[in-house]
Structures are given as structure tokens and as C-alpha cells.
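In: Provided below are the primary sequence and the corresponding predicted coordinates.
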Amino acid sequence: MRKPGPTGDSATGRNAGATPSPDPGTPDPRQQPSTPDSNSRTEPAAPGTGERPLAHSADGKGPAPQRPPEPRGGLLMGRPFGVPVYVAPSWFLVAALITWVFGGQLERVLPELGAARYLVSLFFAVAFYASVLVHELAHTVAALRFKLPVRRIQLQFFGGVSEIEKEAETPGREFVLAFVGPLLSLLLAGVFYLAMQTVDPGTVPGVLLAGLMISNLIVAAFNLLPGLPLDGGRMLRAVIWKITGKPMTGTVAAAWVGRALAVSVLIGLPLLTQSGALGSDAVDNVGMDTVLDALLAAILAAIIWTGAGNSLRMARLREHLPELRARALTRRAVPVETHTPLSEALRRANSAGARALVVVDADGKPLSLVREAAIVGVPEHRRPWVAVSGLAQDLTDGMRVSADLSGEELLDALRATPATEYLVVEETGEIYGVLSAADVERAFVKAMARPS
């Protein structure tokens, strides 16, 4: 299975709150003076803009919200093709379960193994997830071939996930990207079948190869089911996208098929097991086996239903991504020199209706940004004695973003250099304002809540 990673990771903002809308009466940040000048003429913010004075922008209750660190995803196992592979803690639970179940089967097939059957079962669990990793690497290689960044691969409960940060540009690429995973699982099943022909089926190698062949067939068949978040659902999405020309239409259709599939699994899997249609004797499927079948069906159904819902939310987010524009989210800023007292800098900012401070040199060249969290941490009676330079963060190249950035390009720029504030500049190098990561997060939440 593969899924697009959270576009902003890490990305998606989780802090609720609305982003202040630009007001037509609000002065353009470019009209602010490029050099500090206490006599410069500035206009106050237009009434009703909803912007708070800089000194109280965090309500004095603590630092502004910061983006959480990117999750690692478990135990790092390696970096094939430069993509980190993690094993989630839930994998160990599944490995223990597989070892126990497969060990019980070995007791009936190869009773002479004794307790050693659990070592063989553990080897099977590791080999099975190695084949799952090959499945995910197929998605990864295809994504890298299409120049789509892959954040990580994670082996977890019930399989693996390749987190691809961007959507394919065409329905054809989307179809290929989804199909290569099940295709590799089918090829692996064929390889294990051919290997079975060279060994005695009543031996440990024969039983292991048969188990790996069957498990890869199950992985391929399950992932080809036509509902999101499975690979078959992404293939269905690509087909509908191609027919309608609308990726969102394909996503909605494939997601609802996925939800219908979840309900079918929840109801149908226990019934199939009880009827003996899956190869077991129906009279034996009572008691604890019935409970385990129902529990397995419920877990699978929950995973599919949740994944389908997440696919819908991500599609809606991507649909609204173009609305995330640096110009619309940027706070107006006033430039101040390094020795300017904080109280004077705040007076200038509040009188100009600005919500950010940029420290500049005598020629107006930006040097650093005064951190909003640092401002609210200084008591009011201390502000006349504290220079803005003591609260500022030096600008790096990654903290300068273009005012023309929007959507995924804007998010990519912010992810490349994590910070709480960024200097927004025009192509000419002129200061446009300051972009707060907290404002971007709130805009994310607002976009997610807006109906498509």
C-alpha cells in the first residue's frame, strides 16, 4: 500500500483557529519604510481587520505555537534509495502473532520440529515482511522515477506504507504508481512457486516457500481491491480521473468504494470463515476462532474505513492548497535598528498596524527577525531597557521566502528550513513582511474545514 504523505507534514497544521483575512483597507507592507525612521509616515491598521497589536499577539500566555518535530516512525532499519525505512512498534506485535499462528500450523504439518517450530515461524514472519518491504520499494522506485519525493517507508500493523509527499501529475502515472506494488507481490509469489518445485513439500523449506507464495498472493489480491486507501483504489481513482478529467471526482468515488469495502469486510469475512469457503472446516469455526475472526475483520474494516476518510481529507486539502499564498498570510512588518529599545519598536509597530519586527542595519539590509515568542516573554516594565537585537533570530538563506510562493511550493520552502518566522521578500529583495509558521498552520486547519 502506498499513500501520499501529509503535504505539510509534518505538515498539516493542527492548531485550530482562523487566519485573519487581508482587508482592502489595510496598508500594503511594501509601503512600509525600508529603513528605520521614527518620523516616517505610516497608517494604522484598518478598523475591523481583527489583527491584535504585536505586544499582545500571543495574549501574553506563552510562546507562539511551533510545529511539532517530524515523527520518526519507529526503528530505523536502513535507507534504500535514500529513503528511510522504519519498523513501527506495532510490527513486533504482528510478528509475535504470526509466529504463534504459523507455529500452530507447523505443529500439524511437521510435528517432529518440536519447540523449534517457533524459530521457523519467526523466520517466516521476517521473510513475509521482507516481501512487504519489496512491495513498498516498488512504489518508492516508481515515485522517484516520476520525481516525486518519498518521505519514508514504514512497516507496521497489517503491512507497510510508502509516504509519497506529492500526487502524480497525470492519471497514467498515478495508475502505474499504484499498480507496481501488487505487481511485485505477484512476481514474488511466482518466484516462491518456482522455488517450491525444487524442494520436497514435506520439509521446512517446502513449507516456508508455500507460505510465502500464498501470503504474497493474498497481499497482491487484497491491495488490488478497488477502494481507497488500497492500491486498487488508487488505480480506480486514476481511471475515473482519466475519464472525467477531475482528480477530486476520482478520489471521492474511490474513497466511497473503500468505505463500502470496509463494511463488506466487517460483515463478509466472518461469514466466509464460518461457511468454510476459505478452506477450513465450518464445524470447527466456533468459540475462540469465531471471536478472533470477528476481531480480525473489525481491525481490517477500521483500517480501510479510516484510510478512505484520510484520502478524502488529503484530497480536499490539496484542492485548497493554492489558497495558501505567502502574500495573503504575511504579516506587515516595520524595520528597526539593532539598538532600538523593544518598547520603542513596539510603539512603531502598533502605530503602523504591523505585527512583526525586522532588524536591519544602517542601510536597511535585513539582519534578523524579532521572535514573537521572545517579545511576550519580556515584562512590560523591562521593555525600555531591552534592545531588539537581544530577542532576534539571525536570518539564514532558508528563512527568506519569496512573496510569490503559494501552495506546495510554499510548504516545501518552509519544510526545508523549520523556523517560527520567515522574512518574505519581493523578487527585487524588498522586504514584504514576515510570515509566521503559526499563521500557516491555522490556514491549513481552515482549508481542511472548508467543504470542497
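Out: Yep, that arrived. Everything numeric in this text was worked out from a predicted model, so none of it was measured. Numbering: from 1, shown residues only.
In: going forward, measure contacts and count neighbours with C-alpha atoms only.
Out: Fine.
In: what's the closest residue to Thr417 other than its chain neighbours in contact with, if anything?
Out: If the residues on either side of it in the chain are set aside, Thr417 comes closest to Gly398, at 5.4 Å by Cα to Cα, 6 or more residues apart in numbering. If you count contacts by Cα atoms under 8 Å, 6 or more residues apart in numbering, Gly398 has them with 413-414, 416-417.
In: gap between Gly398 and Arg151?
Out: Using Cα to Cα, to the nearest Å, we find Gly398 at a distance of 20 Å from Arg151.
In: now do Ile240
Out: To Arg151, Ile240 is 27 Å away according to Cα to Cα.
In: Same question for Ser121.
Out: Noted for Ser121: a distance of 32 Å to Arg151, by Cα to Cα.
In: So the two - more neighbours on which side?
Out: More neighbours surround Ser121 than the other of Ser121 and Arg151, with 24 against 20 (other Cα atoms under 10 Å).
In: In the one helix or strand the more buried one maps to, which residues are buried?
Out: Mapping Ser121 onto the secondary structure by DSSP states H and E places it in helix 117-145. Using 16 or more other Cα atoms under 10 Å as the test for burial, helix 117-145 gives 117-118, 120-122, 124-125, 128-129, 131-143.
In: which stretches of the stretch 251-400 of the chain have low pLDDT?
Out: Applying pLDDT under 70 to the predicted model, the residue ranges of the stretch 251-400 of the chain that meet it are 276-289.
In: Show me where it has its helices.
Out: Assigned by DSSP state H, counting those that start in this stretch, the helices in the stretch 251-400 of the chain fall at 288-320, 326-329, 342-351, 372-376.
In: out of those, which comes closest to Glu430?
Out: Across those, Glu430 has its closest neighbour in helix 326-329 (13.4 Å, Cα to Cα).
In: Now find how far off-centre the closest one is within its chain.
Out: Relative to the chain's own centre, helix 326-329 is displaced by 23 Å; criterion: Cα atoms, centre = their mean, to the nearest Å.
In: Just list what it packs against, helices and strands only.
Out: Under the contact criterion of 3 or more Cα pairs under 8 Å, 6 or more residues apart in numbering; DSSP states H and E, the helices and strands touching helix 326-329 comprise an empty set.
In: and with 10 Å instead?
Out: For helix 326-329, the elements it packs on are strand 400-402, helix 407-416, strand 421-425, strand 431-436, helix 437-449, judged by 3 or more Cα pairs under 10 Å, 6 or more residues apart in numbering; DSSP states H and E.
In: Check the gap between Leu208 and Leu110 for me.
Out: Shown here: Leu208 relative to Leu110, a distance of 12 Å by Cα to Cα.
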